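In: Sequence and predicted structure are below.
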Amino acid sequence: MTCEQVESLLARAGDGTLDRARQEQLDTRVVTCATRRDTLECQTEMWEFLSRRPSAPVPLGFSTHVMASLESDPASDESLWMDVLGWRAETFRFTPLAATLLIMAFLGLRRGANPEPVGAIDFSSLVVAWVVSESETALDG
Amino acid sequence: MLPDELRVAIILRDVEGLDYKEIARVTSSPIGTVESRIILARRALRPLLRPLVSGASEREVDDDMRTS
């Protein structure tokens, strides 16, 4: 039996599904060939490890526990009322921008409705000017 | 990372426990190809799983010592 023929038997030999006749042929070959022996050891080792790999079943009551925690989660209530109102979470991201625009619009309206008052009239200077002009006309007369 | 065809072959054989004929049918490949893929996949996985394999065998020895 050649090395190539032996190679094709190694997978089955590793997981113990090789028939007896071929197993004997393989055994005689493996004794004399270190490479095939190492490959066979690798096949057996990996098969034993992977096939014994413990399955991890979900613990009893796990799904009930998950559902209970989902139902008691306040975030789920929040999403419910937001759904009812037809809002989306993204809406709140624009709140600062909307508030800024509202404030600017409000300030702009106020400025338009109440134009900035003219500076206060300085009556003292008016009186002085009037007195001066009166005295000048009196002198002229 | 194992190539898909090797990964499928070794999962079906070593994890799911299908026999070679079933794997050949499922993957539409000749049995010889399936055998080669399994050999290659186990060979590729060995260096990666070596720490786990040795760890598992050490734990088994510890368990045996505790029970005895």
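Out: Received the coordinates, thanks. Numbers count the residues shown, from 1 in each chain, chains lettered A, B, ... in the order given.

In: Would you mind checking the average pLDDT for the strand or helix carrying A:S133?
Out: Per DSSP states H and E: A:S133 is located in helix A:123-140. Helix A:123-140 comes out with an average pLDDT of 76.

In: How about residue 14: what's its closest non-neighbour residue?
Out: With no chain named, the answer covers chain A. Distances taken as C-beta to C-beta, 6 or more residues apart in numbering or on different chains place A:Q43 nearest to A:G14, at 2.6 Å, with adjacent residues excluded. Where you see a C-beta, it was placed from the backbone N, CA and C, and this is true even at glycine.

In: Chain B is the one I meant
Out: What sits nearest to B:D14 in space, not counting adjacent residues and going by C-beta to C-beta, 6+ apart, is A:L50, at 3.7 Å.

In: for B:E5, same thing?
Out: Sequence neighbours aside, B:R37 is the residue nearest to B:E5 in space, at 5.8 Å (criterion: C-beta to C-beta, 6+ apart).

In: Which strand or helix spans the one you found?
Out: B:R37 belongs to helix B:31-67, assigned by DSSP H and E.

In: now A:I103
Out: Per DSSP H and E: helix A:95-113 holds A:I103.

In: What is that helix packed up against?
Out: Using 3 or more C-beta pairs under 8 Å, 6 or more residues apart in numbering or on different chains; DSSP states H and E, no helix or strand is in contact with helix A:95-113.

In: chain center to that helix, what's the gap?
Out: 34 Å (C-alpha atoms, centre = their mean, to the nearest Å).

In: next one: stretch A:45-54
Out: Relative to its chain's centre, stretch A:45-54 lies at 37 Å (C-alpha atoms, centre = their mean).

In: What average pLDDT does that stretch get?
Out: 86.

In: what do you get for stretch B:40-54?
Out: 88.

In: Next: stretch B:11-23.
Out: In this model, stretch B:11-23 carries a mean pLDDT of 91.

In: which of the residues in it are buried?
Out: Judged by neighbour count (16 or more other C-beta atoms under 10 Å in any protein chain shown), stretch B:11-23 contains these buried residues: B:12-14, B:18, B:20, B:23.

In: before we move on, what about stretch A:16-25?
Out: A:18, A:22.

In: now do the same end-to-end measure for it.
Out: The straight-line separation of the ends of stretch A:16-25 (C-alpha to C-alpha, to the nearest Å) is 14 Å.

In: does chain B sit close to it?
Out: Yes. Using C-beta under 8 Å from any C-beta of the partner chain, stretch A:16-25 reaches chain B at A:T17.
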